[in-house]
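Trainee: Structure here, sequence nowhere to be found:
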């Protein structure tokens, strides 16, 4: 496995862990650690109307996105799956944009969401550069 593939895999694993934690928080199975001020307030972000898209909690969508991305990553030997994974990573830029705009509209930042946004933007940038 080459260096860039190791970076991508590390980003995917960290992203999946972050998304799983947020999913557990939204399911009520884990406590939320980060609501420390009006600006850094994960609770406010997680309970906003923006945390649901088409009736689905956004954290659940994040878990699905990262699981699919990991499956595509391990299928990268196939040219079609490699192309699909790059397109999937670029699609993640849209999810990051939605999240960032939502946090701006709410007026609060969720550190965990912001971490996922950075990961999605990095994966998207890597896909664009490698294309």
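Mentor: Structure received. Since this is a predicted model, take the numbers as computed values, not measurements. Numbering: from 1, shown residues only.

Trainee: Okay, and the beta partners of residue 52?
Mentor: residue 57 (DSSP bridges).

Trainee: and it, how many residues sit next to it?
Mentor: Applying other Cβ atoms under 10 Å, we find 13 other residues in the vicinity of residue 52. Any C-beta I mention is one placed from the backbone N, CA and C, and that applies to glycine too.

Trainee: repeat for the one 5 residues further on
Mentor: The number of residues packed around residue 57, counting by other Cβ under 10 Å, is 17.

Trainee: Equivalent analysis for residue 13, please.
Mentor: 13.

Trainee: measure it to residue 5 for me?
Mentor: According to Cβ to Cβ, to the nearest Å, residue 13 stands 13 Å off from residue 5.

Trainee: Please apply the same query to residue 28.
Mentor: 37 Å.

Trainee: higher neighbour count, these two?
Mentor: residue 5 (11 against 7).

Trainee: Who are the contact partners of the more buried one?
Mentor: For residue 5, the contact set (Cβ atoms under 8 Å, 6 or more residues apart in numbering) comprises 73, 76.

Trainee: Tell me the secondary structure of it, please.
Mentor: helix (DSSP: H, G, I helix; E, B strand; the rest coil).

Trainee: which residues are contacting stretch 16-29?
Mentor: 30-32, 46, 51, 57, 59-60, 62-63, 65-67, 70, 112-113, 115-116, 119.

Trainee: Buried residues, that stretch. List them.
Mentor: Buried residues in stretch 16-29, counted by 16 or more other Cβ atoms under 10 Å: 16, 18-23, 25-26.
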